[in-house]
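Visitor: model this:
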Amino acid sequence: MALASDEQRGAPSDSPPTEADRWFLGHPRGLVTLFSVEMWERFSWYALQALLVLYLSDTAAHGGLGMSQGAAASLVSAYGTLVYLLSVVGGWCADRLLGGRRSVLVGGVAIACGHYAMAVPAPWSTWAGLALIILGTGFLKPNAANVVGKLYRRDDVRRDAGFSLYYMGINIGALLGQLLGGWLGQGWGYHWGFSCAALGMTLGLLQYVLGRRHLPPRADRPDAPLRPGEGARAARRAGAVVLALAAAGCVLALTGTLTLGVGVDLVSGVSVAVPVVAFAVMFASPRTTRREKSALAAYVPLFLAAAAFYVIFNQFSSVLTLFAADRVDADLFGWHFPSSWFFAVNPGAGLLIAPLLASLWTRMGARQPATSLKFGAALFFVGASFLLIPPAVTLSQGHRVAAPWLILVYLAQTVAELLLAPIGMAVTSRLAPRAFHGQTLAVWFCAPAMGAGLGAQLVGYYGKVSDLVYFGTTGAVALVLGLVIAAATPWIRRRAGGLA
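Guide: Take a look at the predicted model:
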């Protein structure tokens with residue numbers, strides 16, 4: 001009744017839909033809107049990811065840009081880094097300026113325009129398209145998940161199940177995008193695959209626009225709006241930063257020092273600097289209590305373990321895509337398929353394994369392993385996935401590696417991802433200082449950003465050293481780091497007060 005009376009007065013309500021709204025599998029009707037836009041956004045993202053490194057490194061005669069494989073892999077990693085870093089900006093704009101519902105729309109429009117630019121067969125449109133997709137994903141991805149939370153009251157028992165359905169949409173979109181985008185791009189031409197991504201995002205936008213009325217009114221308003229006068233100050237500061245960056249870029253370009261390698265190095269440096277500054281601010285703040293500083297100290301090694309995990313995991317769209325195309329026999333039981341389909345194992349297996357792990361953690365309750373042990377196991381599995389490749393290459397005796405080897409690699413990485421990614425946000429929210437609790441999602445996004453930034457340096461060595469050295473060394477380091485984080489469990493639990 002309170003919601004109705006608010007609307008009759010013309011005032012927007014701060015209350016999410018009541019539990020009577022069970023239109024979509026027992027969940028609010030607005031979940032369909034967010035499920036759809038996120039599914040199609042992931043469809044477009046993975047349709048592009050299936051092809052991007054192949055397109056950048058292929059010859060001009062085959063429709064590519066002719067980069068070296070190492071340079072193309074570094075660029076794809078830097079691209080991923082910028083997407084995660086822009087999520088911090090997109091989250092701030094939603095919280096302080098636009099609200100979640102408008103931010104998702106702005107992000108979706110930018111992503112769609114970016115994919116349409118990618119569909120144009122011209123080098124300039126590639127760079128314009130990637131820039132638009134980076135900007136749009138930074139606005140859409142964090143804010144769509146935030147609006148999902150606004151569909152439910154805090155004590156609504158459907159909340160966790162609602163997020164499970166939402167993430168199922170992510171996996172469905174990833175699976176379909178990888179399959180359809182890869183088939184079109186490798187079979188008909190890269191720009192056909194990019195066009196497919198553009199069409200998918202357009203469908204998502206249409207569904208979002210038609211279904212926006214089912215989202216709660218409070219999603220229209222910023223959670224922490226700027227006070228009068230702050231908006232102008234923020235605009236001036238943002239303008240100064242943009243102008244400074246533009247001026248620096250012009251100087252570097254005119255002097256001939258702004259090369260692709262320099263740009264990748266700058267992105268890698270920023271990916272490390274941002275979390276360092278974020279942690280320094282939280283530790284130095286007088287609003288952070290002694291107990292919170294202790295918990296934050298326990299969180300730092302978990303954060304670094306997550307960043308190390310993403311150094312390897314994010315290579316699915318760079319090194320492993322190149323390895324699959326060049327070194328793996330994409331035949332299974334006599335059936336030939338596009339090499340870009342290998343990564344479809346990840347979202348497909350995720351749909352099957354995620355409910356099993358969730359059920360296992362629920363059954364174990366308080367007896368489930370500590371967060372640091374789960375992170376250690378994730379590093380073990382992702383390291384083991386790379387260690388499968390040297391024996392596969394050796395046994396192939398100069399021929400292409402059999403497809404089941406790479407399928408095992410992706411299955412191991414899927415298990416690793418499920419041991420770390422869903423747990424990471426939960427432990428971040430538990431260990432974050434109360435004064436910075438609203439920024440926890442941004443802090444967590446810094447982990448994959450840092451991993452991708454460091455990975456941009458590592459993947460540049462692919463093709464310069466042997467597969468045995470590259471995959472063997474990287475996998476072994478991950479195993480050692482997994483053992484280190486697992487061994488640190490007593491210290492982490494003690495500093496975290498049992499919350500990790």
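Visitor: looking at this protein, which helix or strand is least sure?
Guide: helix 2-8 (a mean of 37; mean pLDDT, DSSP states H and E).
Visitor: what packs against the following helix or strand past it?
Guide: Remark: after helix 2-8, the chain's next helix or strand is helix 30-49, criterion DSSP states H and E. Applying 3 or more Cβ pairs under 8 Å, 6 or more residues apart in numbering; DSSP states H and E, we find helix 30-49 packed against helix 100-118, helix 123-150, helix 159-188, helix 190-211. Where C-beta positions appear, they are placed from N, C-alpha and C, glycine not excepted.
Visitor: And the average pLDDT for helix 30-49 is what?
Guide: Mean pLDDT, computed over helix 30-49, is 89.
Visitor: quick one: that helix to chain centroid distance?
Guide: 13 Å (Cα atoms, centre = their mean, to the nearest Å).
Visitor: for stretch 453-468, same thing?
Guide: With Cα atoms, centre = their mean, you get 21 Å for stretch 453-468.
Visitor: now the end-to-end length of it.
Guide: Criterion Cα to Cα, to the nearest Å; first-to-last residue distance in stretch 453-468 is 23 Å.
Visitor: go on, stretch 460-474?
Guide: End to end - Cα to Cα - stretch 460-474 spans 13 Å.
Visitor: can you check stretch 325-345 too?
Guide: Per Cα to Cα, stretch 325-345 runs 16 Å from first to last residue.
Visitor: okay, now the closest residue to Asp331 other than its chain neighbours: neighbour count?
Guide: Closest residue to Asp331 apart from its sequence neighbours, by Cβ to Cβ, 6 or more residues apart in numbering: Ala403 at 6.3 Å. For Ala403, the count of nearby residues is 21 (other Cβ atoms under 10 Å).
Visitor: gap between Ala403 and Leu387?
Guide: Distance, Ala403 to Leu387, using Cβ to Cβ, to the nearest Å: 18 Å.
Visitor: where does the stretch 51-200 of the chain have low pLDDT?
Guide: Counting by pLDDT under 70, the stretch 51-200 of the chain has low-confidence residues at 153-164.
Visitor: should've said the stretch 251-400 of the chain
Guide: In the stretch 251-400 of the chain (pLDDT under 70), the answer is 252-254, 256, 258.
Visitor: Cys250: neighbour count?
Guide: Neighbourhood size, Cys250 [other Cβ under 10 Å]: 11.
Visitor: How about the contacts made by it?
Guide: If you count contacts by Cβ atoms under 8 Å, 6 or more residues apart in numbering, Cys250 has none.
Visitor: And Ser359, by the same measure?
Guide: Per Cβ under 8 Å, 6+ apart, neighbours of Ser359: none.
Visitor: can you give me the angle the helix or strand where it lies makes with helix 159-188?
Guide: Element membership for Ser359, per DSSP H and E: helix 345-364. On the basis of axes from the mean of the first three to the mean of the last three Cα atoms, to 10 degrees, helix 345-364 is oriented at 160 degrees to helix 159-188.
Visitor: Please look at Phe35 and Leu165 and confirm they touch.
Guide: Yes - contact criterion Cβ atoms under 8 Å: Phe35 and Leu165 qualify, at 6.4 Å.
Visitor: the more surrounded of the two?
Guide: Counted by other Cβ under 10 Å, Phe35 and Leu165 do not tie: Phe35 has more neighbours, with 26 against 18.
Visitor: residue contacts, Leu203?
Guide: Taking Cβ under 8 Å, 6+ apart as the test, what Leu203 contacts is Trp40.
Visitor: tell me the pLDDT at it?
Guide: pLDDT, Leu203: 93.
Visitor: Please determine how far it is located from Ala112.
Guide: Taking Cβ to Cβ, one finds Leu203 at 10 Å from Ala112.
Visitor: Please apply the same query to Gly129.
Guide: On the measure of Cβ to Cβ, Gly129 and Ala112 end up 11 Å apart.
Visitor: Mind checking which of these two has more residues around it?
Guide: Taking other Cβ under 10 Å, Gly129 and Ala112 do not tie; Ala112 has more neighbours (26 against 23).
Visitor: Enumerate every residue touching that one.
Guide: Ser44, Gly136, Ala198, Met201, Thr202, Leu205 are the contacts of Ala112 under Cβ under 8 Å, 6+ apart.
Visitor: List only buried entries from these.
Guide: Ser44, Gly136, Ala198, Met201, Thr202, Leu205 (16 or more other Cβ atoms under 10 Å).
Visitor: can I assume the first one is in contact with Cys113?
Guide: No - taking contact to mean Cβ under 8 Å, the distance of 11.6 Å between Ser44 and Cys113 leaves them out of contact.
Visitor: sorry, back to before: buried sites along the helix holding Ser359?
Guide: Val345, Asn346, Pro347, Gly348, Ala349, Gly350, Leu351, Ala354, Leu357.
Visitor: What is the nearest of these to Ser77?
Guide: Asn346 (17.3 Å; Cβ to Cβ).
Visitor: do you know how far the closest one is from Ile492?
Guide: Distance from Asn346 to Ile492, by Cβ to Cβ: 28 Å.
Visitor: now do Leu419
Guide: Leu419 is 16 Å from Ile492, where distance means Cβ to Cβ.
Visitor: Same check on Gly263?
Guide: Per Cβ to Cβ, Gly263 is found 36 Å from Ile492.
Visitor: who's more crowded, the two?
Guide: Neighbour totals were compared for Gly263 and Ile492, and Ile492 leads with 25 against 16 (other Cβ under 10 Å).
Visitor: these two touch, right, the more buried one and Ala298?
Guide: Yes - using Cβ under 8 Å, Ile492 makes contact with Ala298 at a distance of 4.7 Å.
Visitor: list residues touching both of these two?
Guide: Residues touching both Ile492 and Ala298 (Cβ under 8 Å, 6+ apart) are Ala500.
Visitor: nearest to Thr394, of the contacts of Ala112?
Guide: The closest of the contacts of Ala112, once distances to Thr394 are taken by Cβ to Cβ, is Ser44, at 38.2 Å.
Visitor: OK, contacts around that closest one?
Guide: Per Cβ under 8 Å, 6+ apart, neighbours of Ser44: Ile111, Ala112, His115, Gly177, Ala197, Ala198, Gly200, Met201, Gly204.
Visitor: Most widely separated two among those residues?
Guide: Going by Cβ to Cβ, the pair spanning the contacts of Ser44 furthest: Ala112 and Gly177, at 14.2 Å.
Visitor: measure stretch 107-126 end to end?
Guide: With Cα to Cα, one end of stretch 107-126 sits 18 Å from the other.
Visitor: what about Pro222, which SS state?
Guide: Classification of Pro222 by DSSP: H, G, I helix; E, B strand; the rest coil places it in coil.
Visitor: so how many other residues sit close to it?
Guide: Pro222 has 17 neighbours, counted by other Cβ under 10 Å.
Visitor: Would you mind splitting this structure into its domains for me?
Guide: 28-217, 241-500 (automatic domain parsing).
Visitor: Please identify the most buried of these.
Guide: Highest mean neighbour count among those (mean count of other Cβ atoms under 10 Å): domain 28-217, with a mean of 22.
Visitor: I'd like the distance from that one to the chain centre, please.
Guide: In terms of Cα atoms, centre = their mean, the centre of domain 28-217 is found 10 Å from the chain centre.
Visitor: Take that domain and give me the span from its first residue to its final residue.
Guide: OK, domain 28-217 end separation, Cα to Cα: 14 Å.
Visitor: again, but for stretch 327-338
Guide: Terminal-residue distance, stretch 327-338 (Cα to Cα): 13 Å.
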